[in-house]
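Asker: All I have is the shape, not the residue letters:
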């Protein structure tokens, strides 16, 4: 089983062709399917004379580390413009109508691209004081233009990622006792 990484950690990484060893561009974003809970591919921006944006299908990715290595230069695909909206920045609403936060990051497994969870933010002040939460669970959300709704009947879990001033201070108090 591969390691779990987040979307933010791959942004800006060079994308290298395994066959030629040449850099074909930089990772700009991920394209995902939140209903099937998988990363479909990585959106890459070429770094040549004429800038071009294309998609590298997740199955064509050989490895993700300090660089992203892809199977070959022929794996570049056209991006479907309707899929470019993404889910980062959308508000997540629970089955009880409660606003859980805004998607700020996507956590996924490097082996199959399975989405492990979503990092949620409730705003700069809350992020600073209590930290962000991680949304996990087995659910198939409804996707709307500005929101993601988790319908009733699905299980989900909202956990603190143990960051924020309150959590840092409470951890430091425990270490002194």
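Answerer: Nice, I can see it. Computed from a prediction, not measured in an experiment: that's the story for all the values here.

Asker: For residue 32, which residues count as its bridge partners?
Answerer: residue 39 (DSSP bridges).

Asker: State the distance from it to residue 153.
Answerer: Computed as C-beta to C-beta, to the nearest Å, the residue 32 to residue 153 distance reads 23 Å. The way it works is simple: take the backbone N, C-alpha and C, and place the C-beta from them, glycine included.

Asker: Same check on residue 121?
Answerer: From residue 121 across to residue 153, the span is 26 Å (C-beta to C-beta).

Asker: residue contacts, the closest residue to residue 88 other than its chain neighbours?
Answerer: Excluding its sequence neighbours, the residue lying closest to residue 88 (C-beta to C-beta, 6 or more residues apart in numbering) is residue 103, at 5.3 Å. Contacts for residue 103 (C-beta atoms under 8 Å, 6 or more residues apart in numbering) come out as 87-92, 118-120, 148.

Asker: how about a cut-off of 10 Å?
Answerer: Shown in contact with residue 103 (C-beta atoms under 10 Å, 6 or more residues apart in numbering): 7, 34, 86-92, 118-121, 135, 148.

Asker: got it, and residue 38?
Answerer: By C-beta under 10 Å, 6+ apart, the contact list for residue 38 reads 32, 58, 108-109, 112-115.

Asker: go with 7 Å
Answerer: Residues near residue 38 by C-beta atoms under 7 Å, 6 or more residues apart in numbering: 32, 113-115.

Asker: Name the helix or strand for the most centrally placed residue in the chain, please.
Answerer: The residue lying closest to the centre of the chain (C-alpha atoms, centre = their mean) is residue 106, at 2.3 Å. For residue 106, the enclosing helix or strand under DSSP states H and E is strand 99-109.

Asker: Okay, now the sheet partners of that strand, with direction.
Answerer: If you go by DSSP bridges, strand 99-109 pairs up with strand 4-6 (antiparallel), strand 91-93 (antiparallel), strand 115-121 (antiparallel).

Asker: so which of those strands gets nearest residue 144?
Answerer: Among those, strand 91-93 comes nearest to residue 144, with 9.2 Å by C-beta to C-beta.
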